[in-house]
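Enquirer: fold the following, please.
(one chain, ligands or ions: 2)
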Amino acid sequence: MAARRLFNTIAPVYDQLNDQLSLGLHRVWKRMTVKWSGAATGGRALDVCCGSGDLAFRLAEAVGPSGSVVGLDFSANMLADAARRQQQRQQTLGPAYNMEWVQGDAMQLPFEAGSFDAATMGYGLRNVADRPAALRELHRVLRPGCSVAILDFNNAADNAVVDAAQAWFLEQLVVPAARSLGVAEEYEYLRPSIQRFPSGPQQEVLARQAGFATAVHYPIAFGLMGCLVATKAE
Ligand SMILES: C/C(=C\Cc1cc(O)c2ccccc2c1O)CCC[C@H](C)CCC[C@H](C)CCCC(C)C
Ligand SMILES: C[S@@+](CC[C@H](N)C(=O)[O-])C[C@H]1O[C@@H](n2cnc3c(N)ncnc32)[C@H](O)[C@@H]1O
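Expert: Ligands and ions are numbered 1, 2, ... in the order given. Got it, this is the predicted structure:
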């Protein structure tokens, strides 16, 4: 199944499954990711592969009303969900946050070089067709000295216990829950995609090859997840 079709298909159940299956923990991991991105008051921040907008909304809180956030994704259904959630938020919080949703490709970002102060990517790098190209694009659009934080499942092939726990969660809990919502095939994709995903140290090498001056991969949740933090030279 093509990636864009997969994400358009799961959009209606995506948030619900993330909340239920991670016991809400994905929110904690996303909060850590925004902190690692260095997003700060008044800055212009970018969330690539934004999906329904979880990380973009957190970035908006970090940059505040004097800053701005762009969320980019290639799935129209995910972006529609993000825009709907933004409207709901505005009804309760007021139109304080400057947010924009852009349909586009992570491997060819429609932004000028050096135009963002911070960037995030949540569960996107594993899914793009050309990871080096996506990393080069993130490096290009960041201002010198700024960082991107990239959250995803961790390929734990080097740790038999963590790898077995991750396989158990996915095969015994995640896929059956997805099956009950009619999207088993889409969630069966997760395990092999994690096995194909570069390990943390390999991601650090890819980021440096893409031009980043420093790159550190932090394991999260006992190594089930991980966050790659890469910084552009001053
Ligand atoms: C937010 C999460 C996953 C997002 C996600 C990423 C993808 O690439 C997908 C591809 C295809 C279908 C769906 C997704 C997708 O949802 C992470 C949290 C939710 C997960 C679905 C469940 C995570 C299970 C973990 C292995 C264990 C949680 C451990 C915790 C200590 C309880
Ligand atoms: C698993 S979702 C993650 C959504 C969100 N970042 C989160 O953490 O909940 C992956 C997202 O990446 C998007 N995506 C995958 N490949 C892409 C690409 N080449 N360009 C833009 N978006 C892409 C999908 O449409 C999907 O919304």
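
Enquirer: going forward, measure contacts between C-alpha atoms and count neighbours the same way
Expert: Noted.

Enquirer: which residue is the nearest non-sequential neighbour of residue 163?
Expert: Sequence neighbours aside, residue 156 is the residue nearest to residue 163 in space, at 5.1 Å (criterion: CA to CA, 6 or more residues apart in numbering).

Enquirer: next, count neighbours for the one you found.
Expert: The tally of other residues near residue 156 (other CA atoms under 10 Å) stands at 24.

Enquirer: what about it, which SS state?
Expert: Three-state secondary structure (criterion: DSSP: H, G, I helix; E, B strand; the rest coil) places residue 156 in coil.

Enquirer: pull the contacting residues for it.
Expert: Taking CA atoms under 8 Å, 6 or more residues apart in numbering, we find residue 156 in contact with 162, 163, 199, 223, 224.

Enquirer: and what of residue 13?
Expert: Residues residue 181 are the ones in contact with residue 13 under the rule CA under 8 Å, 6+ apart.

Enquirer: what pLDDT does it get?
Expert: Per-residue confidence (pLDDT) for residue 13: 96.

Enquirer: which parts of the host helix or strand of it are buried?
Expert: Taking DSSP states H and E as the criterion, the element that holds residue 13 is helix 3-21. By neighbour count, and taking 16 or more other CA atoms under 10 Å as the criterion, the buried residues in helix 3-21 are 6, 7, 8, 9, 10, 11, 14, 17, 21.

Enquirer: close enough to count as contact, the third one and residue 80?
Expert: In this case it means residue 8. No - with contact defined as CA atoms under 8 Å, residue 8 does not reach residue 80; the gap is 10.2 Å.

Enquirer: and which of the contacts of residue 156 is nearest to ligand 2?
Expert: Set against ligand 2, the nearest of those by CA to the nearest ligand atom is residue 224 (15.1 Å).

Enquirer: pLDDT score for the closest one?
Expert: Spelled out, the predicted local distance difference test score at residue 224 is 97.

Enquirer: quick one: contacts for it?
Expert: 153, 154, 155, 156, 162, 163, 166.

Enquirer: relative to ligand 2, which of the residues you listed is nearest.
Expert: Within the contacts of residue 224, distances to ligand 2 taken as CA to the nearest ligand atom reach their minimum at residue 153, with 10.1 Å.
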